[in-house]
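*Asks:* I'd like to go over a predicted model; first the sequence, then the structure.
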Amino acid sequence: MSDSDFPEACPADSIAGSWGQQAIFNQIGAAIMVTDANERILRTNEAFHRLTGYRSEEIIGRTPKILSSGRQSPDFYRRMWQALAASGRWEGEIWNRRKCGEIYPEWLIINACRDADGAVTGYVATFSDISKLKHAESEIQHLAFYDPLTALPNRRLLFDRLEQACMAGKRKADHGALLIIDIDNFKILNDTLGHDIGDHLLIEIACRLKQCIRECDTAARQGGDEFAVMLEALDPHPHVAAVSAEAVAEKIREELARPVMLARGHEHYCTASIGVSLFRGQEKSVETLLKQADIAMYKAKEAGRNAIRFFDQAMQTTLDRRASLEAGLRHALARGEFVVHAQPQVDAGRGLVGAELLLRWQPPGQPVVSPDDFIPLAEESGLIVPIGLWVLDTACATLRRWSELPRLRDLYLSVNVSARQFRQPDFVDQVSTALNRHGIAARRLKLELTESLLLDKVEEVVFKMRALRMLGVRFSLDDFGTGYASLAYLKRFPFEQLKIDRSFIRDITTDPDDAAIVRAIIAMGNSLRLNVVAEGVEDPAQHAYLVEHGCRFFQGYMFGRPVPLPQFEAALNGGSEAEVAVPDPVIGVERG
Ligand SMILES: Nc1nc2c(ncn2[C@@H]2O[C@H](COP(=O)(O)O[C@H]3[C@@H](O)[C@H](n4cnc5c(=O)[nH]c(N)nc54)O[C@@H]3COP(=O)(O)O)[C@@H](O)[C@H]2O)c(=O)[nH]1
């Protein structure tokens with residue numbers, strides 16, 4: 001039965017009396033209470049007794065005040081009576097008290113009863129307990145705004161609170177600070193010890209973060225191993241605010257560095273990289289603030305992790321430059337602004353065995369942009385996929401041309417393949433399409449991969465490499481020594497070549513540690529039957545040392561700097577070879 005079932009114009013006692021059949025009244029699921037015009041209770045039903053705990057004889061003749069919880073203000077009741085007087089009806093949420101003293105929320109509908117002259121003769125109230133509904137609502141609310149694992153506010157709630165803090169900051173002129181806290185090497189812990197242990201660590205981190213901040217601050221989990229802390233009302237002076245924020249960041253860093261006892265007896269030492277950005281009022285948007293703190297956090301990572309970095313103007317300048325570079329990069333391919341340079345690779349007798357193709361970006365009217373500046377950007381934005389395809393296609397087209405020139409047809413060409421490009425599901429197809437389109441021998445194409453690619457989804461990487469090896473394509477491991485892969489680990493991957501990173505070659509004749517590392521890499525590489533290439537060879541002393549210790553292939557300024565591809569081809573194909581700066585060039589055939 002709904003409230004509309006009650007007649008609008010009828011005397012209350014007639015409802016009580018004429019519906020005299022208490023049995024019918026009692027079958028109604030909602031609690032019902034009928035009062036006279038003075039609010040004296042005339043009649044109630046079974047549902048009323050179940051809900052309030054009062055029996056009929058305890059309640060008849062009393063007023064509904066007996067149910068009052070005291071939670072509603074006098075103003076609330078004033079408005080309720082105004083509505084009843086005006087429209088004869090009121091509906092809303094109200095907190096009442098059961099006989100046992102328990103306070104509960106109910107949805108209450110009151111209809112005024114009037115006689116034929118329109119005078120109020122009483123009221124009929126129907127109500128139901130909405131505790132379960134409220135509980136479900138608050139659970140939904142919790143799930144929407146809190147992280148289920150750590151019970152910390154989630155990214156959404158943090159965003160709301162940042163917006164509120166910025167609005168409050170405008171009035172108070174105080175600076176606040178946002179700290180982005182990323183747990184170093186969390187992925188390794190998760191992958192090696194399992195997700196349960198990873199979860200355990202995240203919960204412990206959440207507890208420690210809460211201990212480091214004041215009641216008015218917010219600690220949140222952004223997702224994964226990234227947390228955030230919002231510090232409010234620090235100081236009107238940015239320097240003072242920065243000092244306070246740094247003190248909290250340092251406290252967090254120290255607190256997180258204390259050992260954590262994980263399940264199965266693992267004692268874990270955790271470090272964190274923390275980025276800080278100050279804010280005041282609405283000087284910047286919350287999106288900008290989050291971005292800035294994030295950039296500062298990446299600076300902390302770049303500084304070797306376990307560090308704190310503040311976002312500052314220099315970082316903003318970098319950000320602006322990156323944004324304009326990215327905008328330009330989006331059109332660079334379509335506008336034909338990319339070119340490739342080639343750098344020779346030689347054997348121990350200085351015979352040319354191949355070349356590496358290196359990408360250059362030449363925006364019109366501007367200086368050439370170094371790949372070190374635009375490749376990371378292209379990777380982040382995904383543009384590396386079409387750009388990498390273009391390089392691959394250019395390499396195949398070049399090999400096709402070379403195949404018809406006797407002095408060049410035995411050379412191989414190496415191209416760099418970024419992790420994101422390699423991870424494309426159709427990467428194998430992309431390579432084989434490029435090979436077929438130009439009809440070249442796949443063994444002349446060498447793909448340079450870096451160690452970082454080998455640390456994740458190993459089976460997938462091996463599968464793709466094997467598929468391409470079956471076509472004849474060869475693989476070179478680039479920048480070896482800078483990552484984490486050991487030579488034993490490398491045995492799983494079908495590499496044919498290994499390039500010692502140039503940072504080890506630079507001081508090889510003066511730094512005994514670098515020299516020892518290089519000797520070990522050459523010895524192990526040779527024993528694994530890999531062609532070891534030393535890159536970055538700049539002078540004869542480095543070259544002599546490398547030859548003496550068994551290195552057989554070389555790349556570096558000593559044998560030729562990267563030059564535009566047409567210049568490289570012209571020099572080798574009948575032109576002046578000195579232009580390629582390959583001293584004593586002997587066009588050789590690759591060994592091994
Ligand atoms: N995913 C792709 N990455 C690419 C591509 N083209 C280049 N790159 C990567 O960019 C990084 C920088 O490259 P670059 O500025 O071209 O530097 C190369 C050489 O110029 C430099 N080099 C070579 N010899 C010497 C030397 O004797 N001294 C010295 N100081 N530098 C030297 O080394 C770079 C070659 O690096 P590598 O590829 O590791 O062999 C670089 O990481 C490129 O990989 C591309 O098309 N796709």
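*Replies:* Received, thanks.

*Asks:* contacts, neighbours, all on C-alpha from now
*Replies:* Noted.

*Asks:* start to end distance for stretch 347-367?
*Replies:* Taking Cα to Cα, to the nearest Å, stretch 347-367 runs 34 Å from one end to the other.

*Asks:* swap that for stretch 35-53, sorry
*Replies:* Terminal-residue distance, stretch 35-53 (Cα to Cα): 18 Å.

*Asks:* again, but for stretch 124-133
*Replies:* 24 Å.

*Asks:* Check stretch 46-64 too.
*Replies:* 16 Å.

*Asks:* what is the rounded mean pLDDT of it?
*Replies:* Mean per-residue pLDDT for stretch 46-64: 95.

*Asks:* what residues does that stretch touch?
*Replies:* 26-33, 35, 39-44, 67, 97-100, 128-129 (Cα atoms under 8 Å, 6 or more residues apart in numbering).

*Asks:* hmm, try it at 6 Å
*Replies:* Asn26, Ala30, Ala31, Ile32, Glu39, Arg40, Ile41, Leu42, Arg98, Lys99 (Cα atoms under 6 Å, 6 or more residues apart in numbering).

*Asks:* repeat for stretch 173-186
*Replies:* 225-236, 271-280, 293.

*Asks:* Near the residue of the stretch 401-550 of the chain found nearest the ligand, how many residues? Count them for me, please.
*Replies:* Per Cα to the nearest ligand atom, Gly536 is where the stretch 401-550 of the chain lies closest to the ligand, at 3.3 Å. When counting by other Cα atoms under 10 Å, one arrives at 22 neighbours for Gly536.

*Asks:* quick one: it and Gly556 touch, right?
*Replies:* Yes: using Cα atoms under 6 Å, Gly536 makes contact with Gly556 at a distance of 4.3 Å.

*Asks:* Close to the ligand: what parts of this protein are there?
*Replies:* For the chain, the residues in contact with the ligand (Cα under 6 Å from any ligand atom) are 358-359, 370-372, 388, 391, 416-418, 478-479, 535-538, 555-557, 562.

*Asks:* Now, those that are in strands?
*Replies:* Leu358, Leu359, Asn416, Asp478, Asp479, Glu535, Gln555 (DSSP state E).

*Asks:* got the phi/psi numbers for the residue in the stretch 51-200 of the chain that the ligand sits nearest to?
*Replies:* With Cα to the nearest ligand atom as the measure, Asn185 is the residue of the stretch 51-200 of the chain nearest to the ligand, at 23.2 Å. Main-chain dihedrals, Asn185, degrees, to the nearest 10: phi 60, psi 30.

*Asks:* Can you give me the distance of it to Lys301?
*Replies:* 11 Å.

*Asks:* who's more crowded, those two?
*Replies:* Set Asn185 next to Lys301 and count neighbours by other Cα under 10 Å: Lys301 wins out with 21 against 13.

*Asks:* Spatially nearest residue to the more buried one, not counting backbone neighbours?
*Replies:* Ser273 (5.7 Å; Cα to Cα, 6 or more residues apart in numbering).

*Asks:* So the one you found belongs to a helix, correct?
*Replies:* No: under DSSP: H, G, I helix; E, B strand; the rest coil, Ser273 falls outside any helix and is assigned strand.

*Asks:* Give the bridge partners for it, please.
*Replies:* Asp182 (DSSP bridges).

*Asks:* That one: neighbouring residues, count only.
*Replies:* Ser273, neighbours per other Cα under 10 Å, totals 26.

*Asks:* Who are the contact partners of it?
*Replies:* Ile181, Asp182, Met297, Ala300, Lys301, Arg305, Asn306, Ala307.

*Asks:* These in strands, which ones?
*Replies:* Within these, residues falling in strands by DSSP E are Ile181, Asp182.

*Asks:* Narrow the contacts of Ser273 to just the buried residues.
*Replies:* Ile181, Asp182, Met297, Ala300, Lys301, Arg305, Asn306, Ala307 (16 or more other Cα atoms under 10 Å).

*Asks:* Quick check: the last one touching Ala300?
*Replies:* Yes: with contact defined as Cα under 6 Å, Ala307 reaches Ala300; the gap is 5.1 Å.

*Asks:* In the contacts of stretch 46-64, which residue is surrounded by the most others?
*Replies:* Ile32 (24 neighbours).

*Asks:* In which helix or strand does Leu256 reside?
*Replies:* Using DSSP states H and E, Leu256 sits within helix 238-257.

*Asks:* what pLDDT, on average, does stretch 83-95 get?
*Replies:* 94.

*Asks:* Figure out the length between the terminal residues of that stretch.
*Replies:* Stretch 83-95 end-to-end distance (Cα to Cα) = 18 Å.

*Asks:* cool, stretch 363-376 as well?
*Replies:* Taking Cα to Cα as the measure, stretch 363-376 stretches 17 Å from start to finish.
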